[in-house]
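Participant: compute the structure for the input listed below.
(2 chains)
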Protein chains: 2
Amino acid sequence: MSACRALRSSSNALVRFSAARLTRPVAVSLNSRRRFAASALTMSSFYPNWEPEGPTVKTEIPGPQAKAAIADLDEVFDTRSLNMLTDYSRSSGNYIADPDGNVLLDVYAQIASIPLGYNNPALRKASQSDAMINGLINRPALGNFPPAEWAEILRTGILKVAPKGLDQVFTAMAGSDANETAYKAAFMYRRQRDRGGPDVEFTEEEMNSAMANQSPGASNQLSILSFKTAFHGRLFGSLSTTRSKPIHKLDIPAFDWPQATFPELKYPLEAHAAENAEAERAALDEVERLITTYHAPPCAVVVEPIQSEGGDNHASPAFFRGLREVTRRHGVLLIVDEVQTGVGATGRFWAHEHWDLPHPPDMVTFSKKAQTAGYYFGDPRLRPNKPYRQFNTWMGDPARALLFRAIVDEVERLDLVQHTARVGEYLFGKLEGLAEKYPGEFADLRGKGMGTFIAFDSPRRDEFLARAKTLGLNIGGSGQRAVRLRPMLVFEEKHADILVDVLERIVTSW
Amino acid sequence: MSACRALRSSSNALVRFSAARLTRPVAVSLNSRRRFAASALTMSSFYPNWEPEGPTVKTEIPGPQAKAAIADLDEVFDTRSLNMLTDYSRSSGNYIADPDGNVLLDVYAQIASIPLGYNNPALRKASQSDAMINGLINRPALGNFPPAEWAEILRTGILKVAPKGLDQVFTAMAGSDANETAYKAAFMYRRQRDRGGPDVEFTEEEMNSAMANQSPGASNQLSILSFKTAFHGRLFGSLSTTRSKPIHKLDIPAFDWPQATFPELKYPLEAHAAENAEAERAALDEVERLITTYHAPPCAVVVEPIQSEGGDNHASPAFFRGLREVTRRHGVLLIVDEVQTGVGATGRFWAHEHWDLPHPPDMVTFSKKAQTAGYYFGDPRLRPNKPYRQFNTWMGDPARALLFRAIVDEVERLDLVQHTARVGEYLFGKLEGLAEKYPGEFADLRGKGMGTFIAFDSPRRDEFLARAKTLGLNIGGSGQRAVRLRPMLVFEEKHADILVDVLERIVTSW
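Facilitator: Residues are numbered from 1 along each chain as shown, chains lettered A, B, ... in the order given. Next comes the predicted model:
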């Protein structure tokens, strides 16, 4: 029922887009040709015979099959944060399926980490390659025994999309350790500078005190500065820079590191330009004050281009240019955490490309949609002065690096960054219409010009998310009140139409 | 040349063993039958036509091909800790190959992390399965959207080999975050107990102070106790418990957590029984003193069954039983870090099975040979009292969990734990012979009865390791002087013979 309704509402809007897509040669099976007679939807997809035409909701979620399986899983694995038990083999493209036959349009995408849709045919092919099998079954200790082809894997994948000015990479496993290894590089860099260069040897006192976790050997006299409501991960170092919610931090020891206020912009931006500029100036002043006066001076500032877990908090390009200026002026490194914003969703490959920085960030961390992780850097002094200072057994996973390479290839082949910029613009326009029609229900709509990386506040957010599921939509929240959209890069205008239709039905059904 | 010599020296010793193995039905190709005429080696392998008959050294290592490729790789990736550039497609079984055609017997095995040999046919098959491809291309956020089959994947893999008494798992990415999430569980458990149970709500003061990284919300008043020369990882929390070498810790902030002395046993053990027992008693006393008097009381003690990176330091089962007793008596959790010792290498699946504990450890962490990671636990109170307290986006990797399942299947099918116990005994006997024949060259030989998890000290260790390569052996060090043996579980008596032959040639060629 809901699928049919969504379908009807979206087919008209798609004529222009579908025609454009049809100029691309597509293998069409008899089956899909038959479906094409009924609707343009199948033909406008990036891959033939890939997706359903819309969501299907057959049971409550979780339904009887899922409920039984969740109870079983809970015996061995904590399921209290379970959102939806998933049947991945029946999920496809932008649609996520569950064991009861429910199929939902997915704009949450595994917490913003699925880049190209479920069961993507190109990734399937890459996963069957000899290189992938080799990477899976012969997992190397990359720092000690890198594969002979490691340079090529990096250059044709991770480094092919390296941010401008950053041509080196340290590979990692996930966002948390990507950030923590970047922090480690920052501490070593700063201490090396203060010591007088890479050739100055460590003192006996430094070596002895480091082994006892004490200064000066352990840099407890230095810090990483992060922003209020930031999220940078949940291991001990990254959690010390995370300021999202108490539940993320309670009972876990943390370093005595400083936090600055992230500017709280008011919407619509045009109506609050002066006020917002003032908030950003005050935030920069606070950063500078903390850099110059905090009892453990920061060696780096870490910032998200859009605070994502913290509630989709944006700041202007001018703010980030100011942050780059103040950090450079004080010899403090700038680490841009692109774990959630990277890989195309904002309509640029890296969100910080929106800022037009005169000097690149010192490090950029990545994970999620990259399906692998690490940090980029450019300054050779960010390689610590001795081997084994930045090291661990696996230092990443070549299998996952190969998957990222296949993702990069597909993003380029299908021009998905540009595509996402365009679909985001289309979607934002529709959402502006909704916000106008239903005052207060889609508050502080934000992310204009940022691809599909869009959010709004809901006065009854948790109910909003729950009701979305009953209408065939998987959607996530962030912060206290935000509903965040995190579609995949294969999200099209037709999906935007279905999404907007469901959003409207949520608020008209209270 | 060296391959032939190794081959000759080992073929006699293998007759008994080869005959035994031949009772197993093996598919033999014409090619291997022809080779069988010349030697028994091929036939005694676990898989037909899998391995070379011995090492081959054609060039210096790195040779010309490798040197050029390393220089190229160094442009984008730090190569200063590179040990050997590897050609994984030409590596097989216990043998690691490089781009110059050198093929070395590998008893280092990617820092003890390859369980079943390079290009294992059973793992190759598993990596081509639909389930694996699904896990690779549809990577889930396991805490929110677990696959419907996740319980089954866990029960038939990770949990099938769960240590006795521990029937739950939290999955992770690598050893460092496995340990850190176990530490987080320990802090939350302790604070919950001190607060008066799972239903006592956090106070305003706790929530506010946690957001500022301060006590009481952040448990800066508590600690994790580890041992001197321990290694538990290199992220900020795990590194605070790592006490291996200054180079691992310098310039990185660390928590003010306590360290106890790990007993320094003297060898041979029989000759120093009383002295060693006294050292262990003193270490336990120190643990108890730190538990009761340290200014930030430990909520957990973390210990390796054998301190591995720290130099292969052993303690007796009685010591570990004492540690379990003292931690239980004081309500302190015991975390056993089996990242390097787990999965069969000590002749038991988990090294702590050697201890005959009356009560299991509270948590056991794993990684490396498991090719995935996490911590096991049993007490339901180790699930934090609310969801999202122990959480991250990926919480592991189903693809790697599936690989571990295939590893577990193969370990069982081929009885590789028992096999490793037997080969270890054989190898230890041979090494005792060498130690007697060359006094001082194989000092403090240790690991008797611990499978192939064997080490000795060399008076010129770094030269020793370098010379091994020229003789066709890839072998690693640990601590200040130790040479550590970390063969795979498919290491056989024939490989032990080649190994011992090379070790002897190293010390006779100074």
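
Participant: surely residue A:227 is in contact with residue A:258?
Facilitator: No. Counting by C-beta atoms under 8 Å, residue A:258 is not a contact partner of residue A:227; they are 10.1 Å apart. Heads up, the C-betas are built off the backbone N, CA and C, glycines and all.

Participant: more crowded one of these two?
Facilitator: Each of residue A:227 and residue A:258 has its neighbours counted (other C-beta atoms under 10 Å in any protein chain shown); residue A:227 has more, 26 against 23.

Participant: pairing partners for the more buried one in the sheet, please.
Facilitator: Counting by DSSP bridges, residue A:227 is bridged to residue A:260.

Participant: OK, contacts around it?
Facilitator: Residues in contact with residue A:227 (C-beta atoms under 8 Å, 6 or more residues apart in numbering or on different chains) are A:243, A:259-262, A:283, A:303-304, A:307.

Participant: buried ones only from these, please, as a PyMOL command.
Facilitator: In PyMOL syntax, the buried subset of those is picked out as below (16 or more other C-beta atoms under 10 Å in any protein chain shown):
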select buried, chain A and resi 243+259+260+262+283+303+304+307
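
Participant: now render the contacts of residue A:227 as JSON lines, adding pLDDT.
Facilitator: Putting these into JSON lines (pLDDT from 0 to 100) gives the following:
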{"residue": "A:243", "pLDDT": "98"}
{"residue": "A:259", "pLDDT": "98"}
{"residue": "A:260", "pLDDT": "98"}
{"residue": "A:261", "pLDDT": "98"}
{"residue": "A:262", "pLDDT": "98"}
{"residue": "A:283", "pLDDT": "98"}
{"residue": "A:303", "pLDDT": "98"}
{"residue": "A:304", "pLDDT": "98"}
{"residue": "A:307", "pLDDT": "98"}
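
Participant: of the contacts of residue A:227, which is the nearest to residue B:330?
Facilitator: Among the contacts of residue A:227, residue A:243 lies closest to residue B:330 (C-beta to C-beta), at 34.0 Å.

Participant: my guess is the closest one contacts residue A:225. True?
Facilitator: No. Using C-beta under 8 Å, residue A:243 is not in contact with residue A:225; the gap is 11.1 Å.

Participant: can you list residues touching both of those two?
Facilitator: residue A:259.

Participant: how would you label the residue lying closest to residue A:199 once chain neighbours are set aside: helix, strand or coil?
Facilitator: Using C-beta to C-beta, 6 or more residues apart in numbering or on different chains and skipping residues adjacent in sequence, the residue nearest residue A:199 is residue A:385, 7.6 Å away. Assigned by DSSP: H, G, I helix; E, B strand; the rest coil, the conformation of residue A:385 is coil.

Participant: do you know how far residue A:385 is from residue B:403?
Facilitator: Noted for residue A:385: a distance of 36 Å to residue B:403, by C-beta to C-beta, to the nearest Å.

Participant: tell me the spacing between the residue of chain A positioned farthest from its centre and residue B:243.
Facilitator: What lies farthest from the middle of chain A is residue A:204; by C-alpha atoms, centre = their mean that is 42.8 Å. From residue A:204 over to residue B:243 the distance is 17 Å, taken as C-beta to C-beta.

Participant: closest to chain B among the contacts of residue A:227?
Facilitator: residue A:243 (6.0 Å; C-beta to the nearest C-beta).

Participant: name the nearest residue to the residue of the stretch 1-150 of chain A found nearest chain B, sequence neighbours excluded.
Facilitator: The nearest approach of the stretch 1-150 of chain A to chain B comes at residue A:80, 3.6 Å away (C-beta to the nearest C-beta). Closest residue to residue A:80 apart from its sequence neighbours, by C-beta to C-beta, 6+ apart: residue B:387 at 3.6 Å.

Participant: how close does residue A:192 sit to residue B:449?
Facilitator: According to C-beta to C-beta, residue A:192 stands 46 Å off from residue B:449.

Participant: out of those two, which sits in the busier spot?
Facilitator: When residue A:192 and residue B:449 are compared for neighbours, residue A:192 comes out ahead with 18 against 12, by other C-beta under 10 Å.

Participant: residue contacts, the more buried one?
Facilitator: Counting by C-beta under 8 Å, 6+ apart, the residues that residue A:192 touches are A:198, A:200, A:381, A:384-385, B:251.

Participant: ok, 6 Å please
Facilitator: A:198, A:385 (C-beta atoms under 6 Å, 6 or more residues apart in numbering or on different chains).

Participant: which element is it on?
Facilitator: If you go by DSSP states H and E, residue A:192 is part of helix A:175-195.

Participant: ok, now residue A:299?
Facilitator: Following DSSP H and E, one finds residue A:299 within strand A:298-303.

Participant: residues making contact with that strand?
Facilitator: The contact list for strand A:298-303, computed with C-beta under 6 Å, 6+ apart, reads A:186-187, A:190, A:222-226, A:232, A:241, A:291, A:327, A:332-335, A:337.

Participant: of the residues you listed, list those near chain B.
Facilitator: Among the contacts of strand A:298-303, the ones lying close to chain B by the criterion of C-beta under 6 Å from any C-beta of the partner chain are residue A:187.

Participant: ranges for the strands of chain A?
Facilitator: Ranges of strands in chain A, per DSSP state E, are A:95-97, A:103-106, A:168-172, A:223-227, A:259-260, A:298-303, A:333-337, A:363-366, A:373-377, A:443-446, A:455-457, A:473-474, A:476-478, A:482-484.

Participant: for the residue nearest to the spatial centre of chain A, give me the pLDDT.
Facilitator: Among the residues of chain A, the one closest to the centroid is residue A:340, at 1.5 Å (C-alpha atoms, centre = their mean). Looking at residue A:340, its pLDDT reads 98.
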